[in-house]
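Q: model this:
(chains A and B)
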Amino acid sequence: MEMKPRMVGNVAVLAITGRLDANTVPPVQQWLEQATGAPGARVLVDLSETTFVDSTALATLVSALKRCQQGQGEFALCGLRRPVLMIFELTRLDKAFTIFVDADHALSVLNA
Amino acid sequence: MLVSLLSSQYTRFQAMAEAWLAQGAQTFGVYEQGRPLAYWPAGQRMLPPDLTAAIYRYDEVIGELRLTGLRDEAARQRLQAEAGLISYIVQLEHELQCMTADLVTSQDQQLALYRLTQAMRDLVTIRETLQAVVNEALRMLKGRAGFATYVAANGGEPIVVQSSACGLNNEVIWRLYWQLQTEDRPLLLREDDGDLRRPPGVHNLLLLPIRVRGMMMASLGIIDRAEGFGTPELKLGRAITDQASAQIERILLYQEMVEQARLRSEMDLARRVQTDLLPRTLPEVAGLDIYAYSRPALQVGGDFFDFINIPNHPFIFTIGDVSGKGVSAALLMSMTRTALHSKAQFMPSPTPASVMRQSSEDLYNDFTRIGVFATIFVGQYDHSNREIMYTNAGHAPVIYRPCHGKAELLLADHTAVGVLPVNNFQNRYLAMRPGDLLIVATDGFSDARNADDELFGIDRLLAAVDELAEQPARAIADGLFSVVDRFSAGHPQDDDQTIIVIKGAAL
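A: Here you go, the predicted model:
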């Protein structure tokens, strides 16, 4: 797992490459806690290079989502590959998250 | 020095004197600082010398040979040669004495080091070790005061230990420590060098790094040795710090072993919580063939299943997976399972949706606070309609296979408990006539990996279900476990694998 954080306008973007699971999630969790901590935070997690997410990783994304919502911020995902999207669909998490096709689209909406 | 040589070799000196006298000399004497130590012939009054030859130790004159009665060149040369030989012997004697003294000192030091090792053997904290090192180093190096520091690699509290007479403030000690870090070699700060790094009031200071696992993590400082610090003290200091570093490494190793043992027992506890809470017997329900099994991973997850099977009450089963690993997951799992169990058991006319709704209300706030969620499937058998009513909160994989149909994956209808504050849980229905099959597993099955990092996946699972569908419930479960095991051969089980197989049976 590799993570690439960047800022685009007001949006903190984290691109994650590889497997996101119980073993690799701690640094991502740390980043998300920081990024979603401030009120009104806008955070985008780019999963276009993510090959797998397990339930621990999903829990991390969910708690980031909730923290963001508590602070009236926005939290979105983008670029989910087929197998990852399927995990979201299977667990109905696609209903809970705002999911964009790609980072460009997501950023144009979040930065608007 | 000359006196001791003279007394031990008196007969030889005498022989030398007699040879001179035989050759015509009137007197022969050995002198030290102008005073005679011995002269021949005995009782003869010493006359002013005609010839003298100095006896040296290195470049220093320590005595001379004096002769009267002869003054020719041959006698002068011979007297010179004899004085030269005596000088040489005196020098050798001196070196021998020095070596003997060194040997005694080094024996003393070895003994002291041995005592240090013995004294440290039973110490289990780094602070105690540093204290012992400071005390022993002070004694062996004869310093006035001493101190030692330690900085843990894992960011633990740094430690400073001082001898009672030290009186330096910690800031000064840490400044010296960082100086040592930068220079990365022993430092000798002396008054005569006017070294400015020397703290005020300190005449001389020996600072030694203590390496732990190849990194400088600690230091030893000895202050004010009356004779000053030289190479022997540096060597001895190094020997002491080597001992200290070995002992600190031993302590770290010990602490790591204790920590590992603690983690292991925590994992054992998690595994016990999980396995002991699961139902020990399978329910017998008319019209159903039921089998369930849960296999925890090495790093225990939060899988569970449960049955509520009491007289005059619908048969309800639950299965779920709380996110996370270890003891926390096991505790949350037991909390979730209990919430579901009590709702299913005590609600007047429970349905999966109402059980799930009420449990979700109970759990949502706690889950949010801790940052976890649980995927839960609740099913209820309606014998009169031969139907299973269910609600699925984010749980996967759930597979249904009608008696003569193909296995299909049932998507969850709701998000997992703990994700959204409100979930409008609804009941869904599946026919459960003879041969119809419902399999609810946890993601430990679909997410199983092989040595090439390939996922077992849903498609393989569906294919395996179709292949095994004709078998009884237990054989289907066993078959699925062995298919997954064959697939993931060579790769350890990452997550718990839990399964409930329910098959419509003849009445």
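Q: Name the residues of the stretch 51-200 of chain B found near chain A, please.
A: Residues of the stretch 51-200 of chain B that fall close to chain A, judged by Cβ under 8 Å from any Cβ of the partner chain: none. Where C-beta positions appear, they are placed from N, C-alpha and C, glycine not excepted.
Q: can you check chain B too?
A: With Cβ under 8 Å from any Cβ as the criterion, chain B comes near chain A at residues B:299, B:301, B:321, B:323-325, B:368, B:371-373, B:375, B:393-397, B:409, B:411-416, B:418-420, B:443, B:447, B:453, B:455, B:457-458, B:494-495.
Q: cutoff 6 Å now
A: B:323-325, B:368, B:371-373, B:394, B:396, B:412, B:414-416, B:419-420, B:443 (Cβ under 6 Å from any Cβ of the partner chain).
Q: now the residue nearest in space to the middle of chain A: how far from A:P39?
A: In chain A, the residue lying closest to the centroid (Cα atoms, centre = their mean) is A:V45, at 3.0 Å. Distance of A:V45 to A:P39, computed by Cβ to Cβ, to the nearest Å: 19 Å.
Q: Over to B:P311?
A: 55 Å.
Q: if I've got this straight, B:L189 is in a strand?
A: Yes - when DSSP: H, G, I helix; E, B strand; the rest coil is applied, B:L189 is found to be in a strand.
Q: does it have beta-bridge partners, and which?
A: Beta-bridge partners for B:L189, by DSSP bridges, are B:L205.
Q: looking at it, it is touching B:L196, isn't it?
A: No - look at B:L189 against B:L196 with Cβ atoms under 6 Å: they stay out of range, at 8.9 Å.
Q: Looking at those two now, which is surrounded by more residues?
A: Using other Cβ atoms under 10 Å in any protein chain shown, the more surrounded residue of B:L189 and B:L196 is B:L189, with 22 against 6.
Q: Pull the contacting residues for the more buried one.
A: Contact analysis of B:L189 by Cβ atoms under 6 Å, 6 or more residues apart in numbering or on different chains lists B:D195, B:R197, B:R198, B:L205.
Q: Pull out the buried residues from the strand ranked longest in chain A.
A: In chain A, assigned by DSSP state E, the strand with the most residues is strand A:42-53. Residues of strand A:42-53 classed as buried by neighbour count (16 or more other Cβ atoms under 10 Å in any protein chain shown): A:R42, A:V43, A:L44, A:V45, A:D46, A:L47, A:S48, A:T50, A:T51, A:F52, A:V53.
Q: List the residues that contact the second one.
A: By Cβ under 6 Å, 6+ apart, the contact set of A:V43 is A:A12, A:A35, A:T36, A:C68, A:F75.
Q: helix or strand for A:R6, which one?
A: Using DSSP states H and E, A:R6 sits in strand A:2-8.
Q: got the contact list for B:G228?
A: Residues near B:G228 by Cβ under 6 Å, 6+ apart: B:N204.
Q: tilt between the longest helix seen in chain A and strand A:42-53?
A: Ranked by residue count and defined by DSSP state H, the top helix of chain A is helix A:55-70. Relative orientation of helix A:55-70 versus strand A:42-53 (axes from the mean of the first three to the mean of the last three Cα atoms, to 10 degrees): 170 degrees.
Q: Which elements pack onto helix A:55-70?
A: Contact partners of helix A:55-70 among helices and strands, from 3 or more Cβ pairs under 6 Å, 6 or more residues apart in numbering or on different chains; DSSP states H and E: helix A:25-37.
Q: For B:L206, give me its contacts.
A: Per Cβ under 6 Å, 6+ apart, neighbours of B:L206: B:L188, B:I222, B:F229, B:G237.
Q: Please apply the same query to B:H414.
A: A:R92, B:A393, B:N423, B:F425.
Q: now the first one: how far from chain B?
A: Going back to what we said before, that points to A:R92. A:R92 sits 4 Å away from chain B, going by Cβ to the nearest Cβ, to the nearest Å.
Q: sorry, back to before: who has more neighbours out of B:P311 and A:P39?
A: Remark: of B:P311 and A:P39, A:P39 carries more neighbours, 9 against 4, as counted by other Cβ under 10 Å.
Q: My assumption is that the more buried one lies in a strand; please confirm.
A: No - counting by three-state DSSP, A:P39 is located in no strand; its state is coil.
Q: I'd like the distance between it and A:C68.
A: Distance from A:P39 to A:C68, counting by Cβ to Cβ: 10 Å.
Q: swap in B:R433?
A: As judged by Cβ to Cβ, B:R433 and A:C68 stand 47 Å apart.
Q: out of the residues of chain B next to chain A, who's nearest B:F487?
A: Nearest to B:F487, judged by Cβ to Cβ, of the residues of chain B next to chain A is B:D443 at 14.9 Å.
Q: Tell me who's in contact with the closest one.
A: Per Cβ under 6 Å, 6+ apart, neighbours of B:D443: A:S55.
Q: after the lengthiest strand in chain B, next one along is what?
A: Counting by DSSP E, the longest strand found in chain B is strand B:215-225. With elements assigned by DSSP H and E, the helix or strand that comes after strand B:215-225 is helix B:231-277.
Q: can you pull the buried residues of the helix or strand following that following helix?
A: Toward the C-terminus, helix B:231-277 is succeeded by strand B:288-295 as the next helix or strand (DSSP H and E). Along strand B:288-295, these residues count as buried under the neighbour rule (16+ other Cβ under 10 Å): B:L288, B:D289, B:I290, B:Y291, B:A292, B:Y293, B:S294.
Q: can I get those residues in TSV with pLDDT?
A: Shown next, in TSV, are those (pLDDT from 0 to 100):
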residue	pLDDT
B:L288	96
B:D289	96
B:I290	97
B:Y291	97
B:A292	96
B:Y293	95
B:S294	93
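Q: Around chain B, which positions in chain A sit nearby?
A: Neighbours of chain B within chain A, by Cβ under 6 Å from any Cβ: A:22, A:55-56, A:59, A:62-63, A:66, A:90-93, A:95-96.
Q: Kindly recompute the last result at 7 Å.
A: When proximity is defined as Cβ under 7 Å from any Cβ of the partner chain, chain A approaches chain B at A:22, A:52, A:54-56, A:58-59, A:62-63, A:66, A:89-93, A:95-96.
Q: domain ranges for chain B?
A: B:2-104, B:122-255, B:278-504 (automatic domain parsing).
Q: out of those domains, nearest to A:K4?
A: A:K4 lies closest, by Cβ to Cβ, to one member of these: domain B:278-504, at 21.6 Å.
Q: Next, the distance between the ends of the closest one.
A: Between the opening and closing residues of domain B:278-504 there is a gap of 23 Å (Cα to Cα, to the nearest Å).
Q: and if you look at stretch A:67-84?
A: Terminal residues of stretch A:67-84 are spaced 23 Å apart (Cα to Cα).
Q: List the buried residues in that stretch.
A: Within stretch A:67-84, the residues scored as buried using 16+ other Cβ under 10 Å are A:R67, A:C68, A:G73, A:E74, A:F75, A:A76, A:L77, A:C78, A:G79, A:L80, A:V84.
Q: Which of the residues you listed sits closest to B:H341?
A: Nearest to B:H341 among these, counting by Cβ to Cβ, is A:R67 at 30.7 Å.
Q: ok, the closest one - contacts?
A: By Cβ atoms under 7 Å, 6 or more residues apart in numbering or on different chains, the contact set of A:R67 is A:T36, A:G37.
Q: try 10 Å this time
A: A:R67 sits next to A:L32, A:E33, A:A35, A:T36, A:G37, A:A41, A:V43, A:G73, A:F75, B:T368, B:G371 when contact means Cβ atoms under 10 Å, 6 or more residues apart in numbering or on different chains.
Q: Cheers, nothing more for now.
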